[in-house]
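Student: Make a model of this:
(one chain, ligands or ions: 1)
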Amino acid sequence: VLGMTGMTAYFGLLDIGRPKAGETVVISGAAGAVGCTAGQIAKIKECRVVGIVGTEEKAKLLKGHFKFDDALNYKTSSNLSEEIKSACPRGVDIYFDNVGGPISDAVLENMNPHGRVILCGQISLYNSPNAPQGPRPTPLLLSRSISMEGFIVSNFKARFPEAISVLSKWLDDGKIEASETIVQGFENLPKALIGLFSGANTGKMLVRAAA
Ligand SMILES: NC(=O)c1ccc[n+]([C@@H]2O[C@H](COP(=O)([O-])OP(=O)(O)OC[C@H]3O[C@@H](n4cnc5c(N)ncnc54)[C@H](OP(=O)(O)O)[C@@H]3O)[C@@H](O)[C@H]2O)c1
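Tutor: Next up is the predicted model:
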């Protein structure tokens, strides 16, 4: 939480998303390291928080332990856009995008006017050999006055001390918690890396080099 993960969640959500109490925040890759932290920060900011994840266990963890208001499993959904609509009765004000691709297409359809899209990651496209094809969202962004902004966490380097101070206080107060998956053995490092793309992790994927 006090490293790159927390900085990414903090500046992405707060500076680009600019959440207000009562707004609805949807997060893809929500049980990953950044997504889980961003969701907890959004709850601190009194938003309705809906996560999108790839397993029922992750959905249960987000709703039960991390107090997300809802969590949807994109792997079992037959119509993700409709499920997002049901989970977000007042529409989506902020989308924290960690994955891109069809999941993002489904979220964008449900965005409210003046919504903010935080382009943090596009993991579903990282290994794609071809340029991604899909619905072109620009008419929708235009007609609903939605802003979409990409960022790299190091853009905020000068303000890391601010984020560390605020996140430390939230950690001390028990308002936020780290989530980790620890793989044993340096020889399993490649397996752990590849596992990020199949959802093998919950929270930060770590490799313990020696027992
Ligand atoms: N902008 C920046 O400066 C910055 C900084 C750090 C990280 N990032 C990016 O932010 C994103 C989140 O980082 P992180 O460290 O939280 O990631 P992470 O912990 O590695 O989480 C990865 C999760 O993404 C999900 N996923 C993998 N492939 C997917 C696919 N094809 N479609 C949908 N979901 C998929 C998996 O969960 P499921 O089981 O739910 O599928 C996986 O557990 C990454 O894309 C990363 O590259 C950006």
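Student: right, and the helix or strand after the helix or strand containing residue 162?
Tutor: Assigned by DSSP states H and E, residue 162 belongs to helix 160-172. Downstream of helix 160-172, the next assigned helix or strand under DSSP H and E is strand 180-184.
Student: by contact count, what packs against whatever helix or strand comes next after that next one?
Tutor: Going down the chain from strand 180-184, the next helix or strand is helix 189-195, by DSSP H and E. With contacts taken as 3 or more CB pairs under 8 Å, 6 or more residues apart in numbering; DSSP states H and E, helix 189-195 sits against strand 180-184, strand 204-208. For glycine as for every other residue, the C-beta is placed from the backbone atoms N, C-alpha and C.
Student: three-state assignment of the residue nearest the centre of the chain?
Tutor: By CA atoms, centre = their mean, the chain has its centre lying nearest to residue 35, at 3.0 Å. When classified by DSSP: H, G, I helix; E, B strand; the rest coil, residue 35 comes out as helix.
Student: For it, list the residues it contacts.
Tutor: Contacts for residue 35 (CB atoms under 8 Å, 6 or more residues apart in numbering) come out as 9, 27, 28, 29, 51, 96, 98.
Student: Which element, helix or strand, includes the second one?
Tutor: For residue 27, the element it lies in under DSSP H and E is strand 24-28.
Student: Neighbouring strands - and their directions - for that strand?
Tutor: Here strand 24-28 has these sheet partners by DSSP bridges: strand 48-53 (parallel), strand 92-97 (parallel).
Student: So what touches that strand?
Tutor: Outside strand 24-28, the residues that reach it (CB under 8 Å, 6+ apart) are 13, 17, 19, 35, 38-39, 42, 47-52, 74, 84, 88, 90-99, 103-104, 107, 110, 112.
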